[in-house]
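Q: got a predicted model here, sequence first, then my questions.
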2 protein chains.
Amino acid sequence: MTDLNVIGKRAKAASRMLATAKRDQKDAALKAIADALLERQEAILAANAEDVVQAEAHDLSAALIDRLTLNPARLAAIADDARKVAELPDPVGMEFDARTLPNGLNVHKRRTPIGVLGVIYEARPNVTVDVTALALKSGNAAILRGGKETVRSNLALIEAIQVGLAAANLPGDSVLYIEDPERLQVLGLLRLHEYVDMIIPRGGAGLHQFCRENAMIPVITGGIGICHLYVEPDADFDRAVEIIHNAKTQRPTVCNALDTVLVHRDAAATFLPRVVDRLAADRVCFKAEPEALAILGGHSAVEAARPEDFDTEWLSLVLGLKVVDGLDEAIEHIQAHSTGHSDGILTRDQAKADRFLNEVDSAVVYVNASTRFTDGSQLGLGAEVAVSTQKLHARGPMALEELTTYKWIVIGEGHTRT
Amino acid sequence: MTDLNVIGKRAKAASRMLATAKRDQKDAALKAIADALLERQEAILAANAEDVVQAEAHDLSAALIDRLTLNPARLAAIADDARKVAELPDPVGMEFDARTLPNGLNVHKRRTPIGVLGVIYEARPNVTVDVTALALKSGNAAILRGGKETVRSNLALIEAIQVGLAAANLPGDSVLYIEDPERLQVLGLLRLHEYVDMIIPRGGAGLHQFCRENAMIPVITGGIGICHLYVEPDADFDRAVEIIHNAKTQRPTVCNALDTVLVHRDAAATFLPRVVDRLAADRVCFKAEPEALAILGGHSAVEAARPEDFDTEWLSLVLGLKVVDGLDEAIEHIQAHSTGHSDGILTRDQAKADRFLNEVDSAVVYVNASTRFTDGSQLGLGAEVAVSTQKLHARGPMALEELTTYKWIVIGEGHTRT
């Protein structure tokens, strides 16, 4: 079994070198990693094929097998993403909040890497390279603990990453991979506070809960989205139907996909049948509470919602429907059922929109747009390492700047405190 | 025993009202609290006198008894601090990072309160009011769990706080106090993640460790400072001696006080005796490693350092002395022994200063100034709720802005993702 203290110490030492590495060197490593991924395509795809055979032998779901499968196009896209991170600005060293205090002390803050990131993820080999690229660019070392379903793929990807690090003369310990088929090391990694500065879990609700309950290191929880759109009677119904269609169907398996539509009573009779007609044509099924169910009569795609349905992240073509008294009840419902990921209002009334934006306390709050924009690339960050739904450090999509901290720099000329 | 779930639910409900409270109302509450503290002075001081009697009966140290004792002047200062917080700008609602994306979506971030703060502290009744003022001003509810040594004082202060909240028409549940003489509730508070968004421990290293090991909620650890100053041969020795004198003696019992002086070998023979002469006159004792000890001969204030002395936060008039080869060894020593709080270099060489600022990864890094400036008021924040030495969320002194998070606001006109 890997000795985590040794791993931690090596990563910490590498993180000190990365912290002062210049942008050119970090970008060179990212490009060399992209090159190595393509050069080693044959070995990587062969390793991945073995993972797929094992996954099939263990009767994993088709969706899971699809997620862990690599092919030349997917590998090229992964390499391309690493190159794109090289093009993003380097957040390290950025100075802000500069001022001269009345006593003449010069004070500012400077962005610095966080140090060592611990990343715990499941069956997605692309995470191995994505996280590596964002960690390196932001000057952080990373300890990666991937899922057992992709261990061969991950080790092959790590070999390419090591080739890239060596080519750019960065320490090999910048990216360390923990082989952990029996899942014995997750707990140890969560408690390695002497060396690891931040834990990023990438996976389902169970993984996030395990991390929150067991970590002695700050954890970025998130990635679980029970997302709502609330429709006011004055909304542009044509646009509202298209926004709901997009939020539900454009990619239903991800955390920013829509889960529940709340409709003002005065709009329900007109609007709900339009939603059902439009989305049922694309194979969406509906869970409707009694009042919505009454309006929708016996539509074959609509069934009665159980109470727990409104606390379910569907990740599939299912949509909850509920009629509410108005904005107050909509906000109350969202406060009670949202995971604080992405929630929106569809209205042309600025005062209503303002109240919604003020009172709904989610990471991303929308007016007249699809929840599917909660994504680092979509919101202009150029990349994404996670979507945080907790309140400390960073909220919503996290990319390079969110993988940094800052230090205070104080310059005096013999200043003493009186 | 208090039912923490009930406490949590009440605090969360109050936090929703505080989140949208206007600045005027929050400031009115702070002023009303200050008034109530003075109006109720007699009752507060009587309650405090009982705490002092109990503390004496339990043979608590004179230093501790001094910390928990209130008198008219101290109470007036506490009330005055609450008034000063009312004068600070309100961070809530501040908008930043605004941009229009190529697709026309308008995106910005808006500062919002964190929600509910859990504060665990020891025998300092002023914390009850300080934390209340900063929490209210930043729109957060607070659950306070003070030390048993000051329970009577804290309850009397909380009564004044409740009077102030009522006068400004803010919910009484904005500030809830947990009576917990047997220390049975700390663990429960650390696990109340459904309702509490951030834990702030205010106390010694043991409390911070307990919180880190047991919390299921993000914890701001900090407040432990093993602080260093490193002296280059080109430093202005007159100023350097005064900076060291100030950093060690101006208030030796606090976390930003100096613990270790590192001196370049080329400066040691000249500089170390000057430090010892100046500081020994003010009752400082020294722990010197062999090379420093050899230089300082048989000075009565100097004794041989044990290795563990360089990992000790002295909090008293003791100073470690060590001779180093130069900047590299100084940085290595600091990386190995600093708690990441406050460390500085004394030099006139810009290149040396730059290397130190780059490579020493502490919350506050100094050039030619006393470490005693690591303090929210001293660094221009107007107040301080804690000094963070962890890397997430906030680092160094934390005040109002550091008690906020942000939400993303996305405004579309029917935008859907393609």
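A: Ah, there it is. Numbering: from 1, shown residues only, chains lettered A, B, ... in the order given.
Q: pLDDT score assigned to residue A:181?
A: pLDDT for residue A:181: 78.
Q: and for residue A:227?
A: 98.
Q: give the bridge partners for it, please.
A: residue A:258 (DSSP bridges).
Q: can you tell me the residue of the stretch 251-400 of chain A closest to chain B?
A: Closest contact between the stretch 251-400 of chain A and chain B, by CB to the nearest CB, is at residue A:369 (2.9 Å). In this view, the C-beta of every residue, glycine as well, is placed from N, C-alpha and C.
Q: thought that residue was touching residue B:107?
A: No: counting by CB atoms under 8 Å, residue A:369 does not reach residue B:107; the two are 9.9 Å apart.
Q: tally up the residues packed near whichever residue of the stretch 1-150 of chain A sits closest to chain B, please.
A: Residue of the stretch 1-150 of chain A nearest chain B, by CB to the nearest CB: residue A:114 (4.9 Å). Per other CB atoms under 10 Å in any protein chain shown, the neighbour tally for residue A:114 reads 24.
Q: ditto for the one 4 residues further on
A: For residue A:118, the count of nearby residues is 30 (other CB under 10 Å).
Q: secondary structure class for it?
A: strand (DSSP: H, G, I helix; E, B strand; the rest coil).
Q: so the residue nearest to residue A:305 when sequence neighbours are not counted bridges to which residues?
A: The shortest distance from residue A:305 to any non-neighbouring residue, by CB to CB, 6 or more residues apart in numbering or on different chains, is to residue A:287 (3.7 Å). Residue A:287 has these beta-bridge partners by DSSP bridges: residue A:303, residue A:320.
Q: got the CA coordinates for the longest strand along chain A in CSV?
A: Counting residues, the longest strand in chain A under DSSP state E turns out to be strand A:404-415. C-alpha atoms of strand A:404-415 as CSV (Å, rounded to 0.1, in the frame of the first residue of the first chain):
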residue,chain,number,x,y,z
THR,A,404,-5.2,30.2,-5.8
THR,A,405,-5.1,31.9,-2.5
TYR,A,406,-3.3,35.1,-1.6
LYS,A,407,-0.7,36.4,0.8
TRP,A,408,-0.5,39.8,2.3
ILE,A,409,2.7,41.7,1.5
VAL,A,410,3.7,44.5,3.9
ILE,A,411,6.7,46.7,3.0
GLY,A,412,8.0,49.1,5.7
GLU,A,413,11.0,51.3,6.4
GLY,A,414,11.6,50.3,9.9
HIS,A,415,8.0,50.4,10.9
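Q: that one close to chain B?
A: Yes: on the criterion CB under 8 Å from any CB of the partner chain, strand A:404-415 is in touch with chain B at A:405-415.
Q: can you turn the buried part of those into a PyMOL selection?
A: For the buried members of the residues of strand A:404-415 next to chain B, the matching PyMOL selection, counting by 16 or more other CB atoms under 10 Å in any protein chain shown, is:
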select buried, chain A and resi 405+406+407+408+409+410+411+412+414+415
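Q: who's in contact with the closest residue to residue A:160 other than its chain neighbours?
A: Excluding the flanking residues, the one nearest residue A:160 by CB to CB, 6+ apart is residue A:36, at 4.0 Å. Residues near residue A:36 by CB atoms under 8 Å, 6 or more residues apart in numbering or on different chains: A:160-161, A:163-164, A:167.
Q: before we move on, back to that, when residue A:369 and residue B:107 are compared, which one has more neighbours?
A: residue A:369 (29 against 20).
Q: could you report the distance from the more buried one to residue A:363?
A: Remark: distance between residue A:369 and residue A:363 (CB to CB, to the nearest Å) = 15 Å.
Q: residue A:388 - nearest residue in space that isn't next to it in sequence?
A: Distance criterion CB to CB, 6+ apart; nearest residue to residue A:388, sequence neighbours excluded, is residue A:222 at 4.2 Å.
Q: show me where the stretch 101-250 of chain A has helices.
A: For the stretch 101-250 of chain A, the helices defined by DSSP state H, counting those that start in this stretch occupy A:125-137, A:151-167, A:186-190, A:205-214, A:237-249.
Q: residue A:205: neighbouring residues, count only.
A: Counted with other CB under 10 Å, residue A:205 comes out at 12.
Q: can you pull the contacts of residue A:160?
A: Contacts of residue A:160 (CB under 8 Å, 6+ apart): A:33, A:36-37, A:39-40, A:44.
Q: now, the residues you listed that are in helices?
A: Those of the contacts of residue A:160 mapping onto helices are A:33, A:36-37, A:39, A:44, per DSSP state H.
Q: and those as JSON lines, adding pLDDT?
A: Compiled in JSON lines, these are given as follows (pLDDT from 0 to 100):
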{"residue": "A:33", "pLDDT": "98"}
{"residue": "A:36", "pLDDT": "98"}
{"residue": "A:37", "pLDDT": "98"}
{"residue": "A:39", "pLDDT": "98"}
{"residue": "A:44", "pLDDT": "98"}
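Q: could you identify the most distant pair in the residues of strand A:404-415 next to chain B?
A: A:405 and A:414 (28.9 Å; CB to CB).
Q: what is the nearest of the residues of strand A:404-415 next to chain B to residue B:321?
A: residue A:414 (20.5 Å).
Q: excluding its backbone neighbours, what's nearest the closest one?
A: Residue nearest to residue A:414 in three dimensions, not counting chain neighbours: residue B:239, with 3.4 Å by CB to CB, 6+ apart.
Q: what is the burial count for that neighbour?
A: When neighbours are defined as other CB under 10 Å, residue B:239 has 18 of them.
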